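Asker: Here is a sequence together with a model predicted from it:
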Amino acid sequence: DAGCFVLGSVLMATFYAGRESQLYQNALRWGFLAIGSLSFMDAYYTWSGGIERIPFGENENGMSDPSVLTETYGWPIKILMDRYYRLAILCLFALAIVYVCGLIGPAAGLAEARATIDHGNRHNTGIDER
């Protein structure tokens, strides 16, 4: 489930790919956003709830990861839950930073374009720039 948090966050972050990228031009970023958010949401539902949601036991590959961590390596269940929850919060914080950068990036480009236009207008009208 840690992979769901990390890879889900990476997939969601691809939404801010540049306009010249294949992710943007082929609309792949929308699919990655859906896959990443569903993956993140599924893992978050499991680890932010109670102990009854944790998938202890066996699956097709043997013991589940939570079972291995608690039974083989002796991790207390509360610490296991806390670490997964903290990883989820860390990934959400990283996504918030990506979001803010996605907002600031175009705004900075717009300000730069305005400055270039203003400089060109002053030059063309003969206004002294001193």
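Answerer: Here it is on my side, so go on.

Asker: how about the helices in this protein?
Answerer: With DSSP state H, the ranges of helices along the chain come out as 2-13, 22-25, 28-48, 65-67, 77-125.

Asker: Buried residues, the third one. List them.
Answerer: Meaning helix 28-48. Buried residues in helix 28-48, counted by 16 or more other C-beta atoms under 10 Å: 29, 32-33, 36-37, 39-40, 43-44, 46-47. Where you see a C-beta, it was placed from the backbone N, CA and C, and this is true even at glycine.

Asker: Save the residues you listed as a markdown table, and put in pLDDT too.
Answerer: Converted to a markdown table, these look like this (pLDDT from 0 to 100):
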| residue | pLDDT |
| --- | --- |
| 29 | 91 |
| 32 | 95 |
| 33 | 94 |
| 36 | 96 |
| 37 | 95 |
| 39 | 95 |
| 40 | 95 |
| 43 | 92 |
| 44 | 93 |
| 46 | 88 |
| 47 | 89 |
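
Asker: For residue 94, state which of those residues is nearest.
Answerer: residue 40 (11.5 Å; C-beta to C-beta).

Asker: Please report how far the residue nearest to that closest one when sequence neighbours are not counted lies from residue 57.
Answerer: The shortest distance from residue 40 to any non-neighbouring residue, by C-beta to C-beta, 6 or more residues apart in numbering, is to residue 8 (3.5 Å). Per C-beta to C-beta, to the nearest Å, residue 8 is found 24 Å from residue 57.
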